[in-house]
Structures are given as C-alpha cells and as structure tokens.
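**Student:** Please work out how this folds:
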Amino acid sequence: MSSIRRNRGLVYSTDAGRTCPDCRRPVVECRCREKAAVAPAGDGNVRVGRQTKGRKGKGVTVITGLPLRPAELDDLARQLKRKCGSGGTVRDGAIEIQGEHRDTLVEELTRRGFRVRRSGG
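**Tutor:** The predicted structure follows:
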C-alpha cells in the first residue's frame, strides 16, 4: 500500500483511492461535507432577475437567494432548466438559465413554496 501523507492525514491510498482529510473515509462515502454545507443566510426572498453583463448581449435569467445546499441547488436547477426547455448552470450559489424565463420561473418557484420576488426591469 503506497500513500501520500500531508499535514491533515492520509489523502490518497491505493486501497481506497481519494480520502476525505476530515473523516478519513473514501470521498464517495464522505458525509462531513454535506453536514458542513449550510444554507446561505438571507432575507428569505428568492429573487428572479435578468442579466446580460459579460455575456455579449445575451440574456440569462438569474435566481438568487435560494436557501438550499449545493446538491439540492443542482437538482432544482436541472428541474427548472427542463421546465424552461433551456440550458443553464449553477454558479456562486445562483442558478443561471439561458434566455428570458422570469415569468415561468416565478410561477414555478411560488408553486414549490418559495417566497419569490421579481427583480430588475
């Protein structure tokens, strides 16, 4: 068994592959990252707006203020992209969906129980 040791303990082992430095389990079995991921604090409002900055004039609908963990945010983004029939991504805790879909997203997020506000023009 070969391994590389760092200050925080075993990081890689040929037996188990990559391991979490905190709980020392294989990364695929690690649960401490999920516990550490806390929902962001905010005013409780989810904001749905439109941005074109840095996108060569192409508009995207941006959803911010969602009190969800990263894994839950990815799942919600996937469902919303499917609902809009458009592409998108999750970046810096916000969901970006290509195109103008504010009305559809406000309606869908309200149906899911979020307190939603439309932001921007």
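
**Student:** For burial, what's the neighbour tally of the residue nearest to residue 45 when sequence neighbours are not counted?
**Tutor:** Excluding its sequence neighbours, the residue lying closest to residue 45 (CB to CB, 6 or more residues apart in numbering) is residue 117, at 4.9 Å. C-beta here means a position set from N, CA and C on the backbone, and glycine is covered the same way. By the criterion of other CB atoms under 10 Å, residue 117 has 13 neighbours.

**Student:** helices and strands around the helix or strand encompassing residue 117, which ones?
**Tutor:** Using DSSP states H and E, residue 117 maps to strand 116-118. Judged by 3 or more CB pairs under 8 Å, 6 or more residues apart in numbering; DSSP states H and E, strand 116-118 is in contact with strand 46-51, helix 102-111.

**Student:** Given that strand, what are its sheet partners and their directions?
**Tutor:** strand 46-51 (parallel) (DSSP bridges).

**Student:** mean confidence for the partner strand?
**Tutor:** Average pLDDT, strand 46-51: 93.

**Student:** Could you tell me the angle between it and helix 102-111?
**Tutor:** Compare the direction of strand 46-51 with that of helix 102-111 by axes from the mean of the first three to the mean of the last three CA atoms, to 10 degrees and you get 170 degrees.

**Student:** measure the nearest residue to residue 18 once chain neighbours are set aside to residue 74 for me?
**Tutor:** Distance criterion CB to CB, 6+ apart; nearest residue to residue 18, sequence neighbours excluded, is residue 27 at 4.5 Å. As judged by CB to CB, to the nearest Å, residue 27 and residue 74 stand 17 Å apart.

**Student:** Good, wrapping up.
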